[in-house]
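S.K.: Need coordinates for the below:
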Amino acid sequence: MMHIGLFFGSFNPIHKGHEDIAKYMLQFFDEVWLMVSPQNPFKTNQTLAPVQLRLEWAKTVFANNASIKVSDIETYLPLPSYTFQTLEHLQKTHPTNTFSLIMGSDNLPQFYKWKEYRRIIHQHKLYIYNRESSSRYILLHQNIIYTHSPLIHISATIVRQNIETGLLNENQVHSAIADGVKKHYNSKKQL
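M.R.: Numbering: from 1, shown residues only. Below is the predicted model of the structure:
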């Protein structure tokens, strides 16, 4: 039996903040799985890189870390990607494992809007990491664990903006994917 931390996101693109959080969260879990979402129900897909490209970037970033896996499971489930459906699927396919969510504090104020949020919070623990962009919103529940994670000063939106303005630097995106990320988002800009 393993305790798996599920780190859901668009990873559009994956950046150093995602890397830092995934590595930090390993202290709580046997493994961390990045759950790359094909389509977040709360986000438009106007600037969304193809899911296969986002999966490839994430796999490249964590290629040398056997405890951090990249999952494509949501590409096989109905769209949009609802967390509760993914959790149900994982419990059926991996019945001996326990699954907890890794969530940024910026998601807490909107958590009540998630489909089947009550079921999620009653059946799974939520490990919360700090986001610079979030307010001091606190949600109290026995299954919510606030971690002392490093404060994340970057977002995928900032990365995309920095690519557009030519300000992307090595502290924002892993060097193994930086050229591909720049090429993809620069080609989108020219359309």
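S.K.: Show me the strands in this structure, by range?
M.R.: 3-9, 31-36, 68-71, 98-104, 126-129, 144-146 (DSSP state E).
S.K.: just those: most buried one?
M.R.: Highest mean neighbour count of these: strand 31-36, a mean of 24 (counted as mean count of other C-beta atoms under 10 Å). All C-beta spots, glycine's among them, are computed from the backbone N, C-alpha and C.
S.K.: who touches that strand?
M.R.: The contact list for strand 31-36, computed with C-beta atoms under 8 Å, 6 or more residues apart in numbering, reads 2, 4-11, 14, 18, 22, 25-26, 51, 54-55, 58, 62, 67-75, 86, 102.
S.K.: cutoff 7 Å now
M.R.: Applying C-beta atoms under 7 Å, 6 or more residues apart in numbering, the contact partners of strand 31-36 are 2, 4-8, 11, 22, 25-26, 51, 54-55, 58, 67-72, 74, 86, 102.
S.K.: wait, what's in contact with Phe28?
M.R.: Phe28 makes contact with Gly5, Tyr127 under the criterion C-beta under 7 Å, 6+ apart.
S.K.: one more time with 8 Å
M.R.: If you count contacts by C-beta under 8 Å, 6+ apart, then Phe28 has His3, Gly5, Ser100, Tyr127, Ile145, Thr147 around it.
S.K.: what's the spacing between the first one and Glu31?
M.R.: Counting by C-beta to C-beta, to the nearest Å, the separation of His3 from Glu31 is 8 Å.
S.K.: Over to the last one?
M.R.: When distance is defined by C-beta to C-beta, Thr147 is 17 Å away from Glu31.
S.K.: can you check Lys125 too?
M.R.: With C-beta to C-beta as the criterion, Lys125 and Glu31 are 15 Å apart.
S.K.: For Asn107, give me its contacts.
M.R.: Shown in contact with Asn107 (C-beta under 8 Å, 6+ apart): no residues.
S.K.: ok, now Phe84?
M.R.: Counting by C-beta under 8 Å, 6+ apart, Phe84 makes contact with Trp114, Lys115, Glu116, Tyr117, Arg119, Ile120.
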